[in-house]
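Enquirer: need a 3D model of the sequence below.
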Amino acid sequence: MVHKFTLLKGINGIAIFLDIDELVNAELGTGCIYLSEQIYIKLEDEIIFLSIEELDKYIKPAISELSMEILRKRPNMKICLHIKSVVTNPIYFQEEGLYYAMLGWLSVYYNIELPSIVSWYNKEKRKFEFEPIRKF
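Expert: Below is the predicted model of the structure:
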């Protein structure tokens, strides 16, 4: 499923498209990254806008934040979230947006209420700022 996250302020903004498939009770072979007892992540080979550091800093915390709700929807199942692509334009990319894009994908796919996004535009830095991301 493809999910679009956008946050705009005039001509400035963030736009990120995530294409992710859920693999349920699939073989957890090469490339599956352990996140929790029942949740794994798999990355497509070459994703330009998602480094391992960004995965650790933004994608994993977003999944961890909603993991209890996900596991309630998929009891006794092993889930592998296969991130097939992250598409954006460098002009509209801000790495913090990965966290909110992932939260958005999870909330739509699993029909979970989206946590509120608190953000503001900093004119001096010419970027959006967000509340600190919670660590799980």
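
Enquirer: which strands and helices lie in contact with the strand of greatest length in the chain?
Expert: Ranked by number of residues, the top strand in the chain under DSSP state E is strand 12-24. Here strand 12-24 touches strand 2-9, strand 79-88, helix 97-109, strand 127-130, going by 3 or more C-beta pairs under 8 Å, 6 or more residues apart in numbering; DSSP states H and E. In this view, the C-beta of every residue, glycine as well, is placed from N, C-alpha and C.

Enquirer: out of these, the one nearest Tyr121 is which?
Expert: strand 2-9 (4.2 Å; C-beta to C-beta).

Enquirer: quick one: low-confidence ranges for the chain?
Expert: Residue ranges of the chain with pLDDT under 70: 134-136.

Enquirer: on that earlier part again, let me have the helices and strands packed on strand 12-24 in TSV, extended by mean neighbour count and distance to Ile117.
Expert: Putting the helices and strands packed on strand 12-24 into TSV (neighbours: other C-beta atoms under 10 Å; distance: least, C-beta to C-beta, whole Å) gives the following:
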stretch	mean neighbour count	distance to Ile117
strand 2-9	15	8
strand 79-88	19	17
helix 97-109	22	6
strand 127-130	15	7
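
Enquirer: what would the ones you listed look like in JSON lines with distance to Tyr40?
Expert: Below are the helices and strands packed on strand 12-24 laid out as JSON lines (distance: least, C-beta to C-beta, whole Å):
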{"stretch": "strand 2-9", "distance to Tyr40": "19"}
{"stretch": "strand 79-88", "distance to Tyr40": "4"}
{"stretch": "helix 97-109", "distance to Tyr40": "14"}
{"stretch": "strand 127-130", "distance to Tyr40": "27"}
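
Enquirer: returning to what we had before: could you list the buried residues of the longest strand of the chain?
Expert: By 16 or more other C-beta atoms under 10 Å, the buried positions in strand 12-24 come out as 13-20, 22.

Enquirer: so what touches it?
Expert: Strand 12-24 is contacted from outside by 1-8, 42, 49, 74, 77-89, 92-94, 97-98, 101-102, 105, 109, 121, 126-128, using C-beta atoms under 8 Å, 6 or more residues apart in numbering.
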